[in-house]
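Peer 1: dropping a prediction and its sequence here:
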Amino acid sequence: TSSPAASGQFAAAFSLAAPPSTLAGAALLVISPALARLQTEEPRPLPRDRPDQYARAVTTAIGALVGLLVLASEALTRWLYGGDYTLAGRVLPVLLLGVLLQAVSTPATASLLVGHPRGQRIYAAANMAGLAAGLGLTAFLLVVHDTVTSVAWGYTGGATVLSLVPIGLVWRRDHHHWWPLVVKLL
């Protein structure tokens, strides 16, 4: 909405946020079958320690990667794209926050998908709610402040809604002790 140059800045930031997002997607693809196997082997409900272990591992690994990228975002965009991409260096941390939230939610998402009778419906509804929240926040922010940063915050708002639904449901269902992990992540 602002200019082709601003769109290029956003594209540059998005291209750097995509690899950690791909890692989060890969984590979901690895964790889901492992939890599904446990679900079929055990006569009782899915053991709650596995999603907890996966959540801690993913949060540590992806959190460290995203943290490094956030700290180096301006230098990284300048090095890869040149000095004309300073806006991309400011947009990248906002996008990475959304990526981090989605990555942290992958173990809870996998647990929800394989361990809840309506897990796929709940996750589909969370996706729709995240989309609506992201689009609504983006539209609002573009009216207030017409920049690509508004689009990045809209994405992060949608990712927040999408991520908090499975985290909240699995946290509550399995009685996890994730407060210390949340504090460390913050």
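Peer 2: Arrived safely, thanks for sending.

Peer 1: from here on, just use CA atoms for contacts and neighbour counts.
Peer 2: Will do.

Peer 1: ok, the spatially most central residue of the chain - contacts?
Peer 2: Centroid check for the chain by C-alpha atoms, centre = their mean gives Gln102 as the closest residue, at 1.8 Å. By C-alpha atoms under 8 Å, 6 or more residues apart in numbering, Gln102 lies in contact with Ser21, Ala24, Ala159, Thr160, Leu162, Ser163.

Peer 1: tabulate those residues (TSV), appending neighbour count.
Peer 2: Formatted as TSV, the contacts of Gln102 follow (neighbours: other C-alpha atoms under 10 Å):
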residue	neighbour count
Ser21	21
Ala24	23
Ala159	27
Thr160	21
Leu162	27
Ser163	26
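
Peer 1: any idea which helix or strand comes after the longest helix along the chain?
Peer 2: In the chain, taking DSSP state H as the definition, the longest helix is helix 4-41. Using DSSP states H and E, the helix or strand that directly follows helix 4-41 along the chain is helix 49-71.

Peer 1: now that following helix against helix 4-41, angle please.
Peer 2: Angle between the axes of helix 49-71 and helix 4-41 is 160 degrees (criterion: axes from the mean of the first three to the mean of the last three C-alpha atoms, to 10 degrees).

Peer 1: can you tell me what sits against helix 49-71?
Peer 2: Residues from elsewhere that reach helix 49-71, judged by C-alpha under 8 Å, 6+ apart: 20, 24, 27, 31, 35, 76, 92-93, 96-97, 100, 103-108, 111, 176, 181, 185.

Peer 1: cutoff 6 Å now
Peer 2: Pro93, Val104, Pro107 (C-alpha atoms under 6 Å, 6 or more residues apart in numbering).

Peer 1: likewise for stretch 161-179?
Peer 2: Arg48, Gln102, Ser105, Ala108, Thr109, Ala126, Asn127, Gly130.

Peer 1: that older thread, CA atoms of the helix or strand containing the residue nearest to the centre of the chain as CSV?
Peer 2: Taking DSSP H and E as the definition, Gln102 sits inside helix 86-104. Written as CSV, here are the backbone C-alpha positions of helix 86-104 (Å, rounded to 0.1, in the frame of the first residue of the first chain):
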residue,chain,number,x,y,z
THR,A,86,17.5,-0.5,6.7
LEU,A,87,13.7,-0.8,6.9
ALA,A,88,14.0,-4.6,6.4
GLY,A,89,16.3,-4.7,9.4
ARG,A,90,13.6,-3.2,11.5
VAL,A,91,10.8,-5.3,10.1
LEU,A,92,12.7,-8.6,10.5
PRO,A,93,12.5,-8.7,14.4
VAL,A,94,8.7,-8.3,14.2
LEU,A,95,8.3,-11.1,11.7
LEU,A,96,10.7,-13.3,13.8
LEU,A,97,8.5,-12.8,16.9
GLY,A,98,5.6,-14.3,15.0
VAL,A,99,7.9,-17.2,13.7
LEU,A,100,9.1,-17.8,17.3
LEU,A,101,5.5,-18.0,18.6
GLN,A,102,4.5,-20.5,15.9
ALA,A,103,7.7,-22.6,16.5
VAL,A,104,7.1,-22.7,20.3
